[in-house]
Each structure stands twice: as structure tokens, then as C-alpha cells.
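Visitor: Sequence first, predicted coordinates after that:
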Amino acid sequence: MSGQAGVFLDLALRWTHFAAALIWIGHNYVNVVLTPRFVPIRPADFAPGASSAELESRLRKEHGTFRYAALVTWIAGALMLWRSGHLLDAVMLHGYAAVIGTGAWIATFMVLNLFLVLWPHQKKVLGLVPAGPEERARCARITFLSSRTNTILSIPVLFFMGAATHGAALF
Amino acid sequence: MRLPHDSVAGTILTGLALTAVLFFVVRALAGAG
């Protein structure tokens, strides 16, 4: 790839990485603002008629948007590291690449948390997968903790993302 | 059981504390590399 095309591709990947991360983590932060504390759900919340096909469709769209934004963020980040030749050093936490590598490892854990913990339980809470009221209430607590864990982890990830390009003197 | 996750302040402070700990760990790693 010629010099200018390569630079443009790197910039496009970085832009995509930022935009997708804003959608994903922005959604997470909105949840923190809207639901600062865990509110237990009650069986009455699942009364017949409390849900509808339209609501289910909207919820699927909303959750799908931030789930796939997380995937796009991760892929764009991995491609950036690969193209810059730092992927292996970052994964191995070697030298200054340990800075972005730490961010990448935490972010990978966040994506796995989203897909393997949050989403399977959220499907039961939302009624997309059949579950009894007690199971839905249990899953609601798990999704809250899973989501809030990603909020916590986003703080060091953003720090190490910034430090990877602007913090060389500190490391 | 209440966890740091259960309040906004607990969430932010835990994130900051984790960042501080990791900063020193990563600094040691980067220096060793």
C-alpha cells in the first residue's frame, strides 16, 4: 500500500475505533446516569401485557447497536495495532507497547464480558429468552454488575489509550 | 451484598484506583522491556 493510502487507512481505522467506542461506552455511561443505583425488579414488572412486539424490536435494536459497536471498536483497534507492527509487543506487554497492550487486554475482557455475561442474562431480563420472574430478577442483578464492571474498566482503558500516544515520558 | 458498583462514586473511585495500580504495574513492565 502506498504511503498516503496507508496513512489514510490508519486514520480511518482510528476514526472508526473512536466513533464505535463512543457509541458503546457512551451507551454504558448513559445507563449510569439514568440508573445510578441498582433497582431490583419485581414479579409485577413482568405482568402480561407489560411487553410488546414493538418494545421487543426496539430493545433488540438498541442492544444490538452497542454490542456491534463494541465488536467494531475491538476489530478496528486490533487492526491498528497490527498495521503499526505493535500487535505482538502489545499482546505480550513488552516495552512501551505494554501501555496500549494493557488497554487492549482490558478492552478485550470488556467485550467478552458484554457478549458472554451481560447479553445472555439481558436476553432473559428483557424477555427475549423465556425465563420465570425469579430467574429474570436474578439476571437483572447480574446484568447490572456486568455493565457497571465495564464502566469501571473503561476508566483505565481510556487512560492507557491516551497514555499510549501522549504519555511516553511517564513510562 | 453491596459492592462499589452499587454507587456512581464507588464505580468511579474503583476505576481510578484500578488505573493507579495498573499505572505502576505497566510502568514497571515498560521499563523492564
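Guide: Alright, I've got the coordinates.
Visitor: Spell out for me which residue occupies the centre of chain A.
Guide: residue A:70 (4.5 Å; C-alpha atoms, centre = their mean).
Visitor: Quick check: residues of chain A near chain B?
Guide: A:32, A:36-38, A:89, A:93-99, A:102, A:144-145, A:148-149, A:151-156, A:159-160, A:170-171 (C-beta under 8 Å from any C-beta of the partner chain). In this view, the C-beta of every residue, glycine as well, is placed from N, C-alpha and C.
Visitor: Just give me how far the helix or strand of chain A with the lowest mean pLDDT sits from the chain centre.
Guide: Sorting the helices and strands of chain A by mean pLDDT, DSSP states H and E puts helix A:53-84 at the bottom, at a mean of 89. Remark: helix A:53-84 is offset 8 Å from the chain centroid, using C-alpha atoms, centre = their mean, to the nearest Å.
Visitor: Tell me the helix or strand right after it.
Guide: helix A:87-91 (DSSP states H and E).
Visitor: packing partners for the longest helix seen in chain A?
Guide: The longest helix of chain A (DSSP state H) is helix A:133-166. Helix A:133-166 sits against helix A:3-34, helix A:97-112, helix A:119-126, helix B:8-32, with contacts defined as 3 or more C-beta pairs under 8 Å, 6 or more residues apart in numbering or on different chains; DSSP states H and E.
Visitor: ok, which residues in chain B are in contact with chain A?
Guide: So chain B meets chain A at B:3-8, B:11-12, B:14-16, B:18-19, B:22-23, B:25-27, B:29-31, B:33 (C-beta under 8 Å from any C-beta).
Visitor: Count the residues that sit near residue 5.
Guide: Went with chain A since none was named. Neighbour count for residue A:5, taken as other C-beta atoms under 10 Å in any protein chain shown: 9.
Visitor: try again with chain B
Guide: 19.
Visitor: quick check: mean pLDDT across the longest helix of chain A?
Guide: The average pLDDT for helix A:133-166 rounds to 95.
Visitor: Residue A:130 - nearest residue in space that isn't next to it in sequence?
Guide: residue A:124 (8.0 Å; C-beta to C-beta, 6 or more residues apart in numbering or on different chains).
Visitor: from what I can see that neighbour touches residue A:139, true?
Guide: Yes. At 4.5 Å, residue A:124 counts as touching residue A:139 under the criterion of C-beta atoms under 8 Å.
Visitor: Spell out which residues are contacts of both of these two.
Guide: Here residue A:124 and residue A:139 have residue A:131 as joint contacts, going by C-beta atoms under 8 Å, 6 or more residues apart in numbering or on different chains.
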